[in-house]
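>>> turn this into a structure:
(one chain, ligands or ions: 1)
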Amino acid sequence: MAHRIKDGDDAYHEIDKKPDTCPACGKGISPITCYSYGVDTWRRYEGFLQVVYRCPREECNRLFITSYFPSQYGGINDTLYLNKTFLLDSVEIEKFTESIAKISEKFPRIYNQAKIAEDNGLDTIAGPGYRKALEFLVKDYLIKTNPKLEEHVKKVQLGDAIKMVDDTRIKSCAERAAWLGNDETHYARQWEDKDMQDLKNLIKMVVDWIDLVERSKEYESSMPTKKSESAK
Ligand SMILES: [Zn+2]
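Numbering: from 1, shown residues only. Got it, this is the predicted structure:
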């Protein structure tokens with residue numbers, strides 16, 4: 001159903017429809033129009049209209065912005081068509097130490113994409129994203145610490161890669177994270193009493209153990225033995 005919208009300059013615009021799903025809570029809604037502003041909406045390939053909506057659900061109430069574009073097919077039709085919906089909230093990006101970034105360049109990126117999904121209510125996408133982050137971290141760690149394994153590690157499943165980790169603390173946390181990660185990916189859940197928060201906690205513990213082990217190694221190699229007594 002077409003709607004007429006008055007923008008911040010009192011100009012009227014005809015839009016094809018309002019979004020019918022809230023990008024924050026994911027529920028079907030009829031959003032409340034808060035504000036809109038058209039930028040050269042008469043220009044076919046450049047103009048656009050932005051509309052700020054609010055989710056009417058009391059437990060959500062989040063604002064989001066939707067862009068509308070003029071029809072690319074021209075004619076006398078000046079209806080603007082719903083193009084994209086964006087959440088206004090920014091997501092706080094999780095920072096990882098330099099030693100982690102050195103081990104896996106991709107891990108922080110994948111982890112934070114999962115976090116962006118989670119913080120925007122996309123819980124079914126976030127879980128597999130965290131699992132993917134774990135896989136990159138473990139495999140990159142194995143390759144970094146044992147470059148000879150590279151070709152093998154690339155091919156094996158996450159569970160088999162974890163078995164190759166020497167450090168028992170890293171291995172133990174990574175194993176459990178992988179079990180929960182699989183629950184996020186598979187049809188049936190095995191760990192009913194655990195959730196994505198537990199998965200994130202375990203991934204963070206893998207990160208912390210790797211970080212500690214690697215930083216310890218750096219000192220062990222820069223200070224291999226005790227200085228002799230005479231050098232005191
Ligand atoms: Zn909502």
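>>> can I see the domain layout of this protein?
Domains of the chain are assigned by automatic domain parsing as 11-87, 98-213.
>>> which of those domains sits most buried?
Of all those, domain 98-213 carries the top mean neighbour count, a mean of 18, counting by mean count of other CB atoms under 10 Å. Where you see a C-beta, it was placed from the backbone N, CA and C, and this is true even at glycine.
>>> ok now that domain, how far from the chain's centre?
A distance of 14 Å separates the centroid of the chain from that of domain 98-213, by CA atoms, centre = their mean, to the nearest Å.
>>> try stretch 3-10
With CA atoms, centre = their mean, you get 34 Å for stretch 3-10.
>>> what's the helix or strand where Asn182 lies in contact with?
Using DSSP states H and E, Asn182 falls within helix 168-185. Applying CB atoms under 8 Å, 6 or more residues apart in numbering, the contact partners of helix 168-185 are 127-128, 130-131, 134-135, 138, 141, 158-159, 162-163, 165, 189-191, 194, 196, 198-199, 202-203, 205-206, 209-210, 213.
>>> which ones are touching the nearest residue to Glu135 once chain neighbours are set aside?
Nearest residue to Glu135 in three dimensions, chain neighbours excluded: Leu158, at 4.7 Å (CB to CB, 6 or more residues apart in numbering). Contacts for Leu158 were tallied using CB under 8 Å, 6+ apart; they are Arg131, Leu134, Glu135, Val138, Lys139, Ala178, Gly181.
>>> secondary structure class for the nearest residue to Asp183 once chain neighbours are set aside?
Distances taken as CB to CB, 6+ apart place Arg189 nearest to Asp183, at 4.8 Å, with adjacent residues excluded. Recorded secondary structure, Arg189: coil (DSSP: H, G, I helix; E, B strand; the rest coil).
>>> same question, Asp10
At Asp10, secondary structure determined by three-state DSSP is coil.
>>> quick one: low-confidence parts of the protein?
Residue ranges of the chain with pLDDT under 70: 1, 73-77, 88-90, 230-232.
>>> where along it do the strands fall?
Per DSSP state E, the chain carries strands over the ranges 3-6, 12-15, 32-39, 48-54, 63-70, 79-87.
>>> contact residues of this protein facing the ion?
Cys22, Ala24, Cys25, Cys55, Arg57, Cys60 (CB under 5 Å from the ion).
>>> contacts only, for the fifth one.
Yep, that's Arg57 we're talking about. Contact analysis of Arg57 by CB under 8 Å, 6+ apart lists Cys22, Cys25, Lys27, Ile29.
>>> circling back to that earlier point, got the strands of the chain as JSON lines, with distance to Lys106 columns?
Below are those laid out as JSON lines (distance: least, CB to CB, whole Å):
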{"stretch": "strand 3-6", "distance to Lys106": "42"}
{"stretch": "strand 12-15", "distance to Lys106": "40"}
{"stretch": "strand 32-39", "distance to Lys106": "37"}
{"stretch": "strand 48-54", "distance to Lys106": "33"}
{"stretch": "strand 63-70", "distance to Lys106": "29"}
{"stretch": "strand 79-87", "distance to Lys106": "24"}
